[in-house]
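*Asks:* Quick one: sequence and predicted model below, then my questions.
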Amino acid sequence: MGYVFGFIGAGLMVASYLMKSMLPLRVVALAANVFLVTYAALSGAWPTMALYVAMFPINLKKVIEIRKLIGAIKHAQSETPLADWLLPHMTRREVKAGTTLWKKDDVSTEMVYVDNGRLRLLEQDVVMDPGSLVGEIGLFAPGNRRTGTVVCETDCTLYTLSADAMAQLYYLNPKLGFHVMRMVVARLLHDSDAARAPSASAAT
């Protein structure tokens, strides 16, 4: 009887490696843990049992984390700032006034949330106040190049999310892509409106 549990657990473990979506992968891995622990207990394979007992809380923790992220995405309204639920996945950084975060045409490696202080986009002469997200466009631009230079106008408390971390969040839940693209389009529309405003003023 123990071998039946063992074969089922092994099959589920192989199936988990073939899955592309992270949540089903972790759920199937949890099920595999249960069958393999049962097999090990019935067969007296104590090292095997110790291994899969140790893996169970790891997989369970990952399932809970992924479900929380999915829930946050599903409940995020169109007007809800992305940073409200993205912030726990970002890294805090203190930066001094006058620091250049990046220059135009630099390779984009991260996006930044302004928690405290002010940033200035030099080319557009635009100030980014607390609550602003900066640098997301560069992560999606051709060649991943920065579209402008950003300098800390004051001492700042920033939260950063690297391109690699963003890719991992995409892997956890592809729905994140919709919300990020919505944010990028909103920023592009805002920049477009700002660029047209001087022309409209001159015409009146």
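*Replies:* Arrived safely.

*Asks:* Give me the below-cutoff pLDDT ranges for this protein.
*Replies:* Within the chain, the stretches falling below the threshold (pLDDT under 70) are 69-85, 171-204.

*Asks:* Longest helix in it, by number of residues?
*Replies:* helix 46-75 (DSSP state H).

*Asks:* Please state the offset of that one from the chain centre?
*Replies:* Centroid displacement of helix 46-75 relative to its chain, using C-alpha atoms, centre = their mean, to the nearest Å, is 18 Å.

*Asks:* Let me see the domain layout of the protein.
*Replies:* 2-75, 83-203 (automatic domain parsing).

*Asks:* With mean neighbour count added, can I get those domains in TSV?
*Replies:* For every residue, glycine as well, the C-beta is placed using N, CA and C. Formatted as TSV, the domains of the chain follow (neighbours: other C-beta atoms under 10 Å):
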stretch	mean neighbour count
domain 2-75	16
domain 83-203	15
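
*Asks:* gap between Pro47 and Ile8?
*Replies:* For Pro47, the distance to Ile8 equals 20 Å [C-beta to C-beta, to the nearest Å].

*Asks:* which stretches of the chain form helices?
*Replies:* With DSSP H as the criterion, the chain has helices at 2-18, 22-43, 46-75, 83-86, 136-140, 163-172, 176-203.
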